[in-house]
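Q: Give me a 3D structure for the following:
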Amino acid sequence: MDKWDKLFLINRRLVAIENRAFKVMLIQSVVNEAVFTCKTMMYPILVSKAVRSAKMIKLTFFLDSRDSLKQSDEVELELFNSIFDKEFQESYLFVKEEQIVLDAFYLEDSLEPFLKNDEVMRLLKKDGSKALPITLQGEEIISTKKLPSVDDFSKIFDMGISVQYSDES
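A: The predicted model follows:
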């Protein structure tokens, strides 16, 4: 492997840009840097990527227990699990230039995160653990007593989500 083949592959996002004069390999990064390697130059150039100014979607889930998730709607549970997938988060950042920040707190693990949020505590005092799961987008409560729906996730991520059901007769 020669020195031109040695590229820093960051988060598996590789975009090749060809020009008549030279070939540039741009490797995008979720961190704040991108590496340009140019065949007409003898060294790579490190430049900053404007990720700091990118938008961020912050979702916080307050849940009763891991077992209680099994009682959720199958589609909502699948969407919930999908957004925690690193590949989905990286692809979303690449396409939408928005970082996804997720937190999931389980009552069975620790009461502390619940106690730190006044709105969550208000709901728990009112409805008890029946209020769970509670979902916050930023500081705003967007869903209680169930995981966010397909429509909720569509609005949050500003993209269409299509669900197909099969007849298993």
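Q: quick one: pLDDT of Val95?
A: Looking at Val95, its pLDDT stands at 89.
Q: which residues of this protein fall in helices?
A: Counting by DSSP state H, the chain has helices at residues 66-69, 74-83, 86-96, 112-116, 118-127, 150-157.
Q: Compile those into TSV and extend it with columns for mean neighbour count and distance to Ser166.
A: In this view, the C-beta of every residue, glycine as well, is placed from N, C-alpha and C. Below are the helices of the chain laid out as TSV (neighbours: other C-beta atoms under 10 Å; distance: least, C-beta to C-beta, whole Å):
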stretch	mean neighbour count	distance to Ser166
helix 66-69	13	23
helix 74-83	16	12
helix 86-96	14	23
helix 112-116	12	38
helix 118-127	14	36
helix 150-157	16	17
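Q: Among those helices, which comes closest to Gln164?
A: Closest of these to Gln164 is helix 74-83, at 10.3 Å (criterion: C-beta to C-beta).
Q: so what does the closest one touch, helix or strand wise?
A: helix 150-157 (3 or more C-beta pairs under 8 Å, 6 or more residues apart in numbering; DSSP states H and E).
Q: Now the helix it packs on: average pLDDT?
A: Helix 150-157 carries an average pLDDT of 93.
Q: I'd like the helices of the chain written out as JSON lines, with distance to Leu59 added.
A: Below are these laid out as JSON lines (distance: least, C-beta to C-beta, whole Å):
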{"stretch": "helix 66-69", "distance to Leu59": "15"}
{"stretch": "helix 74-83", "distance to Leu59": "7"}
{"stretch": "helix 86-96", "distance to Leu59": "11"}
{"stretch": "helix 112-116", "distance to Leu59": "14"}
{"stretch": "helix 118-127", "distance to Leu59": "14"}
{"stretch": "helix 150-157", "distance to Leu59": "7"}
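Q: mind checking which of the ones you listed is nearest Tyr165?
A: helix 74-83 (8.6 Å).
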